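[1] give me a 3D structure for the following:
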Amino acid sequence: MSNEASNENVRQLTTELQHTQSELQNAMKEIDAMHAHEREMEGRQQEHMEAMLAREREMEMRQQKQEEAMEVREREMLSQIQQMKDMLSMFISSDSVGDHRSRAGTSRSQPPLP
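    Next up, the predicted model:
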């Protein structure tokens, strides 16, 4: 009987070993699936970060172009203001000369200027 009991014990241990091996294989499959999911998530996160950085670079370039355009416009406006000042200065200067001429024309001591 001890041989029979020993055989039964071996069969039981073999069954438990097979069950444990099956559980271990299932656990390994779950771990592998979790690793694959983790790699996929890291890939998505990397893609998201790269897209955000690309958008940020694009926005910086756009902002730089806008700033450059504003500087050009500012220079143009300053140039126009300077031209207007020059024209106004010339106008005021010619009015002053005209005033002196008209006053000179009305003066009795000097003949009118042509």
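
[2] in stretch 52-62, what's buried?
    Of the residues in stretch 52-62, none is buried by neighbour count under the rule 16 or more other Cβ atoms under 10 Å. (C-beta placed from N, C-alpha, C; glycine too.)

[3] shift numbering so it begins at 570
    New numbering, starting at 570: the last item is stretch 621-631.

[4] show me how far that stretch is from its chain's centre.
    3 Å (Cα atoms, centre = their mean, to the nearest Å).

[5] what is the mean pLDDT for it?
    Average pLDDT, stretch 621-631: 97.

[6] can you tell me the helix or strand for the residue most central in space within the chain?
    Residue closest to the average C-alpha location in the chain (Cα atoms, centre = their mean): E625, at 2.0 Å. Per DSSP states H and E: E625 is located in helix 571-675.

[7] quick one on the thing from earlier: ok, the residue nearest to the centre of the chain to Q633 distance?
    From E625 across to Q633, the span is 13 Å (Cβ to Cβ, to the nearest Å).

[8] now M603
    M603 sits at a distance of 45 Å from Q633 (criterion: Cβ to Cβ).

[9] equivalent analysis for S658, please.
    In terms of Cβ to Cβ, S658 sits 37 Å off from Q633.
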